[in-house]
Structures are given as C-alpha cells and as structure tokens.
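Undergrad: structure for the following, please:
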Amino acid sequence: MRTRRTSTVALTALLVAAGLSACTAGDTTDPAPTPTPTPTEARSTGIDGTGACLDGVATWAQDDATAEVDDCAFVDIVGSGNDLTVGTVEQLTLEGNDTTVVVGSVQHVTNTGEGNTVWYDGDEPSFDERGSGTTVMPLSAR
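TA: Numbers count the residues shown, from 1 in each chain. Coordinates of the predicted model:
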C-alpha cells in the first residue's frame, strides 16, 4: 500500500510539472494590441518635409530656405531661418526659430520656437505662444 501511495504522489507531481511547463513554454498568445495613434501621431505619418499638402497636412522641415507652401488645413514649420509664403490655412504651427512667414489667411497660430515673425492677411488669428519672442502682425503693417 505504501508503494502505491508513493507512486501516486510522484505521478501527480510529474503531471503538474508537465502542465505548468506546457503553459509557459508553448505560450503562443498574441501580444497586447497596438494602441490607436492620437490625431497628431496619425497626421505626422507620411510627411515629406517639403511643404506639400498631404491629407490636409503640410510640413516644412528644412532650414535657411525661401519657399512657398500651398493652401492646406494644417501647416507645420519645423525648420529655422526660413522665409516662407503660405497660402490659406486653418492652423499654422512654428516649431523652429528665426523664421518669417507671410500667410494668406490663418485662423490659429501656435509657436513653440523662438524669434519667429508671422505676417497675416485677413482677420487676426488666435495666437498660442508656447515659445518666446514671436510676433504675429497684419500684412498691412509690413
């Protein structure tokens, strides 16, 4: 009787050990799903940095250039030392420094850089200064 009890305990321990190792070694569950990107992250994919309007977003990512950026809902200027002319936009964001922008029409300007100048035509846009030293002036004052 004693032999039977020992073998039963040993068999049970072996089955438990085999079951546990099967759970961890052969675990093929999918990893957690990738989170959905925020609107800003989604917009930032596919940009070319030349100011071309792609899906309503134009990004200028160059330094020390003179150029024109077409009409686009959102225009993001990342470079510094630029002299840009921009068409009609809803949101203009300046992330670089010492850039001058002449914009046809703009509803909102956000600045995170330093020492930028925005000349606008039409109604005065709302302005969110998160950087420093940026001026937003009517084109008529130029």
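Undergrad: can you list the strands that the helix or strand where T85 lies pairs with?
TA: Per DSSP states H and E: T85 is located in strand 83-94. Note on strand 83-94: by DSSP bridges, its sheet partners are strand 66-69 (parallel), strand 74-77 (parallel), strand 100-111 (parallel).
Undergrad: got the buried residues for it?
TA: L84, V86, G87, T88, V89, Q91, L92, T93, L94 (16 or more other Cβ atoms under 10 Å). In this view, the C-beta of every residue, glycine as well, is placed from N, C-alpha and C.
Undergrad: again, but for stretch 109-121
TA: So, applying 16+ other Cβ under 10 Å, buried residues of stretch 109-121: V109, T110, N111, T112, G113, G115, N116, T117, V118, W119, Y120.
Undergrad: which of these sits closest to P138?
TA: Among the buried residues of stretch 109-121, Y120 lies closest to P138 (Cβ to Cβ), at 6.3 Å.
Undergrad: following the least confident helix or strand in the chain by mean pLDDT, which helix or strand shows up next?
TA: Every helix and strand in the chain was compared by mean pLDDT, DSSP states H and E; the lowest is helix 39-43, with a mean of 42. Downstream of helix 39-43, the first helix or strand assigned by DSSP H and E is strand 50-54.
Undergrad: what angle do that following strand and strand 83-94 make?
TA: With axes from the mean of the first three to the mean of the last three Cα atoms, to 10 degrees as the basis, strand 50-54 and strand 83-94 are set at 60 degrees to each other.
Undergrad: what's the mean pLDDT across the following helix or strand past strand 50-54?
TA: Using DSSP H and E, the helix or strand that follows strand 50-54 in sequence is strand 57-60. Throughout strand 57-60, pLDDT has a mean value of 94.
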